[in-house]
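Q: quick one: sequence and predicted model below, then my questions.
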Amino acid sequence: MVETTKKSAKKTILVTGGAGFIGSNLVERLVMDPANNVYSLDNYFTGKKENHITGVTYIEGHTKDIATLIDFVPDVVFHLGEYSRVAQSMEEPHLVWDLNMNGTCAVLEFWRKHKFKLVYAGSSTKFSEARADGTEGKDLSPYTWIKSANTDLVKNYGEWYDLKYAIVYFHNVFGPRELEGKYGTVIEIFKQKYLNNEPIPMRLPGTQKRSYTSVEDTVDALILVAEKGLGDGYGISSAKEYSTMEVAKLFKTEITMLPARSTSRPSSTIDTTQIEALGWKATRTLEDYVNEFLAKNPRT
């Protein structure tokens, strides 16, 4: 009887960045459960109003103003609403600081006051192997440095104030509502080049390996971690790795080579032990996703 009561109880969930790529897919899944009251806080820096999902309450604003914008106490907060591009952050460190440091510090203070469970999206770049020049993953750019610092801050807040949290790490997420342009993701950039009949851009050396994880599998993992996960280290990743060149070749079109960026990095260590222990496993593949895309968009 007690377990039944827990399952039927209403749960208030806030997703920062709920109009963005991963956030919109997450709120879409969450709102399917009638026991969830789902809210999004988004400043629409990269989020889009066309990503809005029926049944979700949308609040527009910066996370640094969360204390005045959110007038309810959530049970769970998924903090996804941060700047998330490695190379582009070199051009706008002030913006990364505002969105990721000022915004996240305010979220953590809101957490300290209201004592909900926090699920924080860290950056897997901090696990990258050191480059030949000795640069570690966390030191590649303003984005990587601040995200690494924020994961430490989340852990410390949890310890200092006895708060519940779980930190997840995404790995090259692909799927519906991906971004294009300068804040875009690799797969969507490649898709748009294909659709425009333009060569796919390949940054040298092209041998660096990454794993690619579907947004559907990522959302499965986020919901599972919110229910059962505690602490740091939840890597959400497909087991299969591809070199960047292998990914480009999946699109079966012309490839053009470009110089390496100063933020280029080798492979990242992927540890999915903790998320798999909760019962999660990636079920969707990048090959299937690209092949479905090509089938729907054949070259004439």
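A: Nice, I can see it.
Q: quick check on the most centrally placed residue in the chain: phi, psi?
A: Of all residues in the chain, the one closest to the mean position by C-alpha atoms, centre = their mean is F170, 5.3 Å from it. Main-chain torsions, F170, degrees, to the nearest 10: phi -80, psi 160.
Q: from here on, call the first residue 33.
A: From this message on, residue numbering opens at 33, which makes the last subject F202.
Q: now do the residue nearest to it when sequence neighbours are not counted against S243, distance only.
A: The spatially closest residue to F202, leaving aside those adjacent along the chain, is I268, at 5.7 Å (C-beta to C-beta, 6 or more residues apart in numbering). The C-beta positions use only the backbone N, C-alpha and C, and glycine is treated the same way. From I268 across to S243, the span is 10 Å (C-beta to C-beta, to the nearest Å).
Q: who has more neighbours out of the two?
A: In terms of neighbours (other C-beta atoms under 10 Å), I268 is the more surrounded of I268 and S243; the figures are 27 against 21.
Q: who are the contact partners of the more buried one?
A: By C-beta atoms under 8 Å, 6 or more residues apart in numbering, I268 lies in contact with V200, Y201, F202, H203, T245, D249, T250, A253, L254, T304, I307, W312.
Q: what residues does the host helix or strand of I54 touch?
A: I54 is located in helix 53-62, with elements delineated by DSSP states H and E. Helix 53-62 has contacts (C-beta under 8 Å, 6+ apart) with 45, 47-50, 68, 70, 72, 74, 78-80, 83-85, 88, 110, 112-113, 153, 202, 205, 207-211, 217, 247-248, 250-251, 254-255.
Q: out of those residues, which are buried?
A: Among those, those buried by neighbour count (16 or more other C-beta atoms under 10 Å) are 45, 47-50, 68, 70, 72, 74, 78-79, 83-85, 88, 110, 112-113, 153, 202, 205, 207, 209-211, 217, 247-248, 250-251, 254-255.
Q: ends of stretch 72-81, what's the gap?
A: Taking C-alpha to C-alpha, to the nearest Å, stretch 72-81 runs 11 Å from one end to the other.
Q: and for it, what are the contacting residues?
A: By C-beta under 8 Å, 6+ apart, stretch 72-81 touches 46-53, 55-56, 59, 88-95, 98, 101-102, 113, 115-116, 131, 209, 211, 215.
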